[in-house]
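K.L.:
just coords:
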């Protein structure tokens, strides 16, 4: 007799996670004004910054580097203390939040950075890029690439990073909006002549892409916290300058669409694309993976069929720890193939 496995109608999440997702979704709606601006003061009350700590917590210490006090471009460094005598890869992290919210010093991303640094292990640099709508595209994207260029300079690197960082083994890791940024940075890195830094891998976790077309996944999961159609529309309008934001097939939104850049000529980094079954952006992410393969690039698709958008930042979700293991395995595989 055949046993049928019932497909769940909603993500397999603990109640604690569901409540927190609902709160985050409410909070973003509460601070997002109809005129396209953000109530930053209220947002700061809802998401108070976590200071860096030089004393290791769970084996990882942190410190902040302010690159430009005027522009307020900065990053947080996560250093696993049990691996100080061995060379470690560099992971550049670009956080999510619709290009508008969150930062490396918000609790969920401070914890996320610590977990990555300890699990891989690696030196993690989480970039505090300038956010929309105060700073529209391409400012957030350029900020992240600028940090990469600055870390290639010996004087900066010796001043800002631990001695045991190996920048010839650099990975870009972005989630949601950060996944969008990570793709942009990877493209720019292919065109730039670095002295020592080498981007050898890209980890794209539920990247925030879109387009003019309404996909099946967007219809099926409309109303999902964080990335409902209404919220995504607000994010894109906040990010894009009015002159460029009227068409969702813009190359920075629909990266694999009709206006996609031809990357077939590039030595594009090996890419891991993470997709979840209950993510409204799932179809765009699958198309991105297929586009990479069609462009003859080495890419791997990792699927979590019972998860939703942003599941990985919730430690109580078992799949969150599994994703970290998948990231670790990917990084070690790429590093071993480049030795």
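P.N.:
Happy to help now that I have it. In this text, all values refer to a predicted model and were calculated from it rather than measured experimentally.

K.L.:
all contacts plus neighbour counts: C-alpha atoms, from now on.
P.N.:
Fine.

K.L.:
Does residue 303 belong to a helix, a strand or coil?
P.N.:
With DSSP: H, G, I helix; E, B strand; the rest coil as the basis, the three-state label of residue 303 is strand.

K.L.:
what comes up buried for the strand or helix carrying residue 274?
P.N.:
Residue 274 is part of strand 270-276 when elements are defined by DSSP states H and E. Across strand 270-276, burial judged by 16 or more other Cα atoms under 10 Å covers 270-276.

K.L.:
In TSV, list these along with distance to residue 242 and pLDDT.
P.N.:
Listed next are the buried residues of strand 270-276 as TSV, based on distance: Cα to Cα, whole Å; pLDDT from 0 to 100:
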residue	distance to residue 242	pLDDT
270	34	98
271	32	98
272	33	98
273	30	98
274	31	98
275	30	98
276	31	97
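
K.L.:
For the residue nearest to residue 238 when sequence neighbours are not counted, give me the pLDDT.
P.N.:
Nearest in space to residue 238, with sequence neighbours left out and distances taken as Cα to Cα, 6 or more residues apart in numbering, is residue 133 at 4.6 Å. You'll see residue 133 listed with a pLDDT of 96.

K.L.:
which stretches of the stretch 101-250 of the chain have low pLDDT?
P.N.:
Along the stretch 101-250 of the chain, the parts satisfying pLDDT under 70 run over 245.

K.L.:
All the helices of it, residue numbers only.
P.N.:
Here the stretch 101-250 of the chain has its helices, by DSSP state H, counting those that start in this stretch, at 107-119, 139-151, 154-160, 177-191, 216-220, 229-239.

K.L.:
Which one, of these, ends up nearest to residue 247?
P.N.:
Comparison of those against residue 247 by Cα to Cα identifies helix 229-239 as nearest, at 9.9 Å.

K.L.:
and that closest one with helix 177-191, angle?
P.N.:
Our comparison of helix 229-239 with helix 177-191, counting by axes from the mean of the first three to the mean of the last three Cα atoms, to 10 degrees, yields an angle of 40 degrees.

K.L.:
And residue 337, how close does it get to residue 197?
P.N.:
Remark: distance between residue 337 and residue 197 (Cα to Cα, to the nearest Å) = 17 Å.

K.L.:
Tell me which strands the strand holding residue 274 pairs with, and in which orientation.
P.N.:
Strand pairing for strand 270-276, determined by DSSP bridges: strand 199-205 (parallel), strand 299-304 (parallel).

K.L.:
Mind putting those strands into JSON lines with mean neighbour count and distance to residue 42?
P.N.:
Putting the strands paired with strand 270-276 into JSON lines (neighbours: other Cα atoms under 10 Å; distance: least, Cα to Cα, whole Å) gives the following:
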{"stretch": "strand 199-205", "mean neighbour count": "26", "distance to residue 42": "28"}
{"stretch": "strand 299-304", "mean neighbour count": "16", "distance to residue 42": "34"}
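
K.L.:
All good on my end, thank you.
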